Structure formats: structure tokens, C-alpha cells
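Engineer: Generate coordinates for the sequence data below:
(chains A, B, C and D)
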Protein chains: 2
Amino acid sequence: MNSQPAAHDVFLDVFDNAPQRNLAAGEVLINAGAPADNVFNILSGMLMVSRTGGDGRRQVLSFLVRDNFVGLTSTDAYFFTVEAVMATRVACRSRRALTDRLASDPESERTFLDMMFRVLEDAFDLVYSLGQRTSIERLAVFILYMRHWKRLSGDIGDDLDPVLNEVQLPMNRVDIADFLGLKKETVSRSFRQLEDRGLVHRADHHHVQILDLMTLRQLAGISDFASPRHIKSV
Amino acid sequence: MNSQPAAHDVFLDVFDNAPQRNLAAGEVLINAGAPADNVFNILSGMLMVSRTGGDGRRQVLSFLVRDNFVGLTSTDAYFFTVEAVMATRVACRSRRALTDRLASDPESERTFLDMMFRVLEDAFDLVYSLGQRTSIERLAVFILYMRHWKRLSGDIGDDLDPVLNEVQLPMNRVDIADFLGLKKETVSRSFRQLEDRGLVHRADHHHVQILDLMTLRQLAGISDFASPRHIKSV
DNA sequence: CGGACCATTGAAGCCTATCAAGACTTGTGG
DNA sequence: CCACAAGTCTTGATAGGCTTCAATGGTCCG
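Structural biologist: A predicted model of the protein is given here:
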């Protein structure tokens, strides 16, 4: 099974020859509330999309990697914050440039719509996790989620390729916790449980090795993520 | 402030003269896993979209009312179940009929895309609730959510119109619990807390009266829902 | 009027959060 | 290269919130 033809070509080429920007780890790309004038495409690195309540509680909505897309909203202001998890390079275009492109090219608009559906399905996956799964199950899903991305970004066809068992987690524990609706201490303890059960091994804070994929998937309650997804947006 | 021009006209007219179907309370419209051949538009009543895990845990993804839209996915099979919460009437069209319509009419496609963004933002609202809010806060948000819909469906301009304080909850406690990521007993107890604090009054199982809107909103952490939303889809 | 279903309430237990301390990693400067 | 300092992660003890289990009460419908 090989990866689907890159939807890349169909509308992401608005970003060809676009101005680029380099972000350092922790640097903010989009502030919630700012006018939604620009859209971005990730060339390398990782971005984190989050929403923070008036009292400071923060929910991470998604982590985005290469070829993913950020910035569109239905309103004129961003309702989320986007910051770099690690050193990241993005391409920048005005919102108008993208909407004009979509308006003038029906095929690209359809592709874009397809992408939106996959993003929505991802959001519902997260809803299911937060509403129904326990802390250790959420972490298992998260690790498999990261593994899945590695597979896509590396264009690795074989689902069981051993290199996929070396998973990188560039974000810190608080970021993971805020994504999974937990506290950092609970994330640590859940990692420990996964280790004690022999499912994973923590090489260091940012590298996890999957030791028992089958059981991990069983715990997560998923065989694998639905379909290859190269592109994502918020 | 009056309601925005009904997006209705722009693409929902695919459902004009479409065959209709009446659903009794509890009747299933879409089974998860079935081929995604049809799309539906709600004419009256209320539908509930949910996803159930292999072990039986169920997460309600959304409740849908009049003029909302159900059935599109990025894959060829529905990944959710849709059933009627109360007696409901829907209009039915083939998936093709809708996609053809969108393909042939750029304006309708753009409107559709806008709707998708609002749906996605709603999904992120739910993510925030499930990840960060306590049980009583989630219930407060939910009640305000239902109030908001009443306002939209009744085309009530004044945000403080007293009739809006009589909120109907057609679904049962388990449905609410599965939507909010709680158990039915916790929903009951949270209702009680809201009553004890003098924020709401339970007339019966399906009717709630808001007594202190300002404090309820403060508890929910929202002034109001972002923008008028007539249409929604899954 | 009786039965079934749904909702509420109570008591006890479990999971996650909170508070607090210690270990490790990373980066800096001597 | 080592020592130190800052930040992050982990671990432990305790507390709190939600769930589970169980029983009562209420409502709708036959």
C-alpha cells in the first residue's frame, strides 16, 4: 500500500515562491484574537494550535507537521494561538490569495474541502479521546498518532516497518498534558504504566520506543488511523 | 442584531422537492460503517450524532436541529451513527447530487466551506469543554448552547429576550452525559448544583428555566457563542 | 392501577489533580 | 572538561471530583 498522490499539488502550490519565515522553538506565529489576514503552510518543524480560556486553562487543539496548513477561520479573527514546538519554517500567504485560488479553481476547492473533512474527523477523534478514554489510553492513542505521522512524513509503506517504532515527541510534557486534557504528572505516571506493562521504553524525554505495538493498539482501541493524511489545517 | 441572511438559499436548495422521511424518537437514520451514499437535511425535530467504541463506550459528537445538514464524510463509509432524539423529519438526497451541486456552483461551494469552518469551530469548543471544564461548567455551557439554538431557530434578535430562558432538552440524561463525557448520575448532580446556586430551575426532565443568565455565562466562561449559526453538518 | 423506564439521591471507591520534593537533563561559564 | 544553575521531568503523599453500585422516587403509558 503506497501513499496517496500528494494533495499537495492541487492547492498547496499557492505557497510556491511565497515568503518564508523561520520560527524558533516557543515562538508564536499567531495570537488568538488577531485579525486573520494570513495563512501558512509548514515546510519543516512542528506547530502547536491551542486555545486558552479567560482563567488561563489551555487546551491544545492539534500538533501540525510538514505540509499541513494553518490559519483559515470562518471569522475575521483567529480564535486560536499557534506557536512553534521546535524550530520551524513556514511559508506565508495572504488569506485573499488562498481564497482567490480556491474560488478560481474548482478542483482545488474540492480538494480543500476533502482536507477539511479529514481535519473534522481528527477533531472528533480527539473528542472521543477526551470524553471516553482513560489517561493511559489517551497516551497510547497519542503515541500511535505520532507514529502514524512519522509513517506519513517518511512515506513509509509498510505499516509494521520497525523504524516506525522509534517515535519522537518534540513537545514537552505540559503540551502533551494540555492536548490530552490531563496534568503533566498524570502524563508521567501514564508513561510509567506503559513502561511497566512492557509496551514502550522511554529513551529520553523526547524519544519513545514502541515495544509491543499490538497490545498498544489494543489498549488504544484502534487498529490504525483511518486513512493516510498528508494535509491538515486549522 | 438580526440573523444573517439564511445560507439556506445558497446550497440547501438541493433538498427542494427531495424525498422526505419521518423518524420516530430513537429511530436510527445512519449506522456507523454503512456506505455513505446519502446526505440529509433536517426539516424538524432533532438528531444526535455519535460514535461508539468497540467496548461500547459512546461519545455523542453533536445534536442537530432544523436546517442542519448530515451525512458527508471524506471516506465512503459513515464513521458515526445518527439517530432521532425526538420525532424528526428529514429530506434525503444522494451524496452525488450534493457534490455535483457544489462542483457546478462555486458560490454554493464557498458557502459550504464556510459552514464546515463553523462546524469545526464547534468541534473545538467541545474539545475545550471535555479537556478543560468541570462537570458543572460543561452542563452550564450545554444549557447555554441549547438556549442559543432556540434563539437561532426562533429568529429572536434580542439576546436577552425572556422567552429564551425557557430551554427545552429533548434528549435524555444518558445522551447529555455521553455528549459531555460524564455519567448520567453526574449530570443529575450537576443540575442539582446549578439549582442550589439559584442559576436554573428544572420544571421537568425536559424543560429548564434559566434564572440567572449572567452568572451562568460566567460559570460557563463564555459571553455568548461566537456567531449566529443556522447550519451545521457532520 | 400497575409496570417499565428514567431520573435522582446516597454511599463507597477509583482515578486524576494538587501539593511537594527530588532526579535528571540541558546549557552556561569558569 | 567540570561545576553550577535553571528548567523539565519524575516520583511520592494527599486530596478532590467523578464514577460505580445500589436503592428510592417519579413519570409516562398500557
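Engineer: can we go C-alpha only for contacts and neighbour counts from here?
Structural biologist: Will do.
Engineer: ok, for residue A:14, nearest residue in space, not its chain neighbours?
Structural biologist: Ranked by CA to CA, 6 or more residues apart in numbering or on different chains and with sequence neighbours excluded, the top spatial neighbour of residue A:14 is residue A:98, at 6.7 Å.
Engineer: In this structure that neighbour contacts residue A:16, no?
Structural biologist: No. When contacts are counted by CA atoms under 8 Å, residue A:98 is not listed as touching residue A:16 (11.9 Å).
Engineer: More neighbours: which of those two?
Structural biologist: residue A:98 (21 against 10; other CA atoms under 10 Å in any protein chain shown).
Engineer: List the buried residues in the host helix or strand of the more buried one.
Structural biologist: Per DSSP states H and E, residue A:98 falls inside helix A:95-104. For helix A:95-104, the neighbour count (16 or more other CA atoms under 10 Å in any protein chain shown) marks A:95, A:98, A:101-103 as buried.
Engineer: by contact count, what packs against whichever helix in chain A runs longest?
Structural biologist: Assignment by DSSP state H gives helix A:106-132 as the longest helix of chain A. For helix A:106-132, the elements it packs on are helix A:8-11, helix A:95-104, strand B:58-64, helix B:106-132, helix B:173-180, judged by 3 or more CA pairs under 8 Å, 6 or more residues apart in numbering or on different chains; DSSP states H and E.
Engineer: what's the angle from the fourth one to helix A:173-180?
Structural biologist: Using axes from the mean of the first three to the mean of the last three CA atoms, to 10 degrees, one finds that helix B:106-132 and helix A:173-180 are set 120 degrees apart in direction.
Engineer: In CSV, list the C-alpha atoms belonging to the next helix or strand after helix B:106-132.
Structural biologist: Later in the chain than helix B:106-132, the nearest helix or strand by DSSP H and E is helix B:135-153. C-alpha atoms of helix B:135-153 as CSV (Å, rounded to 0.1, in the frame of the first residue of the first chain):
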residue,chain,number,x,y,z
SER,B,135,-18.8,18.8,35.1
ILE,B,136,-20.9,21.7,36.3
GLU,B,137,-19.2,24.1,33.8
ARG,B,138,-19.9,21.6,31.0
LEU,B,139,-23.5,21.5,31.9
ALA,B,140,-23.7,25.3,32.0
VAL,B,141,-22.2,25.5,28.6
PHE,B,142,-24.6,22.9,27.3
ILE,B,143,-27.7,24.7,28.6
LEU,B,144,-26.4,28.0,27.1
TYR,B,145,-25.8,26.1,23.8
MET,B,146,-29.4,24.9,23.7
ARG,B,147,-30.6,28.4,24.5
HIS,B,148,-28.5,29.7,21.7
TRP,B,149,-30.1,27.3,19.3
LYS,B,150,-33.6,28.3,20.4
ARG,B,151,-32.6,31.9,19.6
LEU,B,152,-31.5,31.0,16.2
SER,B,153,-34.3,28.7,15.3
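Engineer: Helix B:135-153 vs helix B:173-180, what angle?
Structural biologist: 100 degrees.
Engineer: is any part of helix B:135-153 close to chain A?
Structural biologist: No. No part of helix B:135-153 sits close enough to chain A to count as contact by CA under 8 Å from any CA of the partner chain; the gap is at least 11.5 Å.
Engineer: ok, residue A:217 to residue A:48 distance?
Structural biologist: The gap separating residue A:217 from residue A:48 is 25 Å, by CA to CA, to the nearest Å.
Engineer: Between these two, point out the one with more neighbours.
Structural biologist: Neighbours were counted for residue A:217 and for residue A:48 using other CA under 10 Å; residue A:48 has more, 22 against 18.
Engineer: OK, contacts around the more buried one?
Structural biologist: Applying CA atoms under 8 Å, 6 or more residues apart in numbering or on different chains to residue A:48 gives the contacts A:60-64, A:82-85.
Engineer: of the residues you listed, closest to DNA strand D?
Structural biologist: Using CA to the nearest atom of the strand, the shortest approach to DNA strand D within the contacts of residue A:48 belongs to residue A:85, at 11.1 Å.
Engineer: Next, the contact list for that closest one, please.
Structural biologist: For residue A:85, the contacting residues are A:25-26, A:45-48, A:170-171, by CA under 8 Å, 6+ apart.
Engineer: Does residue A:217 touch residue A:139 like I think?
Structural biologist: No. With contact defined as CA under 8 Å, residue A:217 does not reach residue A:139; the gap is 11.2 Å.
Engineer: Please report phi then psi for residue A:172.
Structural biologist: Main-chain dihedrals, residue A:172, degrees, to the nearest 10: phi -90, psi 180.
Engineer: quick one, what contacts it?
Structural biologist: A:205-206.
Engineer: Look up how far residue A:183 lies from it.
Structural biologist: With CA to CA as the criterion, residue A:172 and residue A:183 are 12 Å apart.
Engineer: Same question for residue A:170.
Structural biologist: Counting by CA to CA - residue A:170 and residue A:183 are separated by 18 Å.
Engineer: circling back: identify, from the buried residues of helix A:95-104, the entry nearest to DNA strand C.
Structural biologist: Closest approach between these and DNA strand C, by CA to the nearest atom of the strand: residue A:95, at 35.2 Å.
Engineer: Can you name the residues that contact that closest one?
Structural biologist: A:36-39, A:72.
Engineer: For the longest helix of chain A, list every residue counted as buried.
Structural biologist: For helix A:106-132, burial by neighbour count (16+ other CA under 10 Å) applies to A:106, A:108-132.
Engineer: surely residue A:19 meets residue A:92?
Structural biologist: Yes. Assessed by CA under 8 Å, residue A:19 is found in contact with residue A:92 at 5.6 Å.
Engineer: In terms of neighbours, single out the busier of those two.
Structural biologist: The neighbour count for residue A:19 versus residue A:92, taken as other CA under 10 Å, is higher for residue A:92 (21 against 10).
Engineer: Bridged to the more buried one, which residues?
Structural biologist: The partner list for residue A:92 in beta bridges (DSSP bridges) reads residue A:40.
Engineer: Would you check how far apart it and DNA strand D are?
Structural biologist: Here residue A:92 is placed at a distance of 28 Å from DNA strand D (CA to the nearest atom of the strand, to the nearest Å).
Engineer: what's the pLDDT at the residue of chain A found nearest DNA strand D?
Structural biologist: Residue of chain A nearest DNA strand D, by CA to the nearest atom of the strand: residue A:172 (3.3 Å). Residue A:172 carries a pLDDT score of 96 in this model.
Engineer: same check, this time on residue A:9
Structural biologist: For residue A:9, pLDDT reads 56.
Engineer: Buried residues, stretch A:181-191. List them.
Structural biologist: A:181-184, A:187, A:190-191.
Engineer: whoops, stretch A:142-159 was the one
Structural biologist: For stretch A:142-159, burial by neighbour count (16+ other CA under 10 Å) applies to A:142-144, A:146-152, A:156.
Engineer: before we move on, what about stretch A:190-198?
Structural biologist: Taking 16+ other CA under 10 Å as the criterion, stretch A:190-198 shows A:190-192, A:194-195 as buried.
Engineer: again, but for stretch A:66-85
Structural biologist: So for stretch A:66-85, counting by 16+ other CA under 10 Å, buried means A:66-74, A:77-85.
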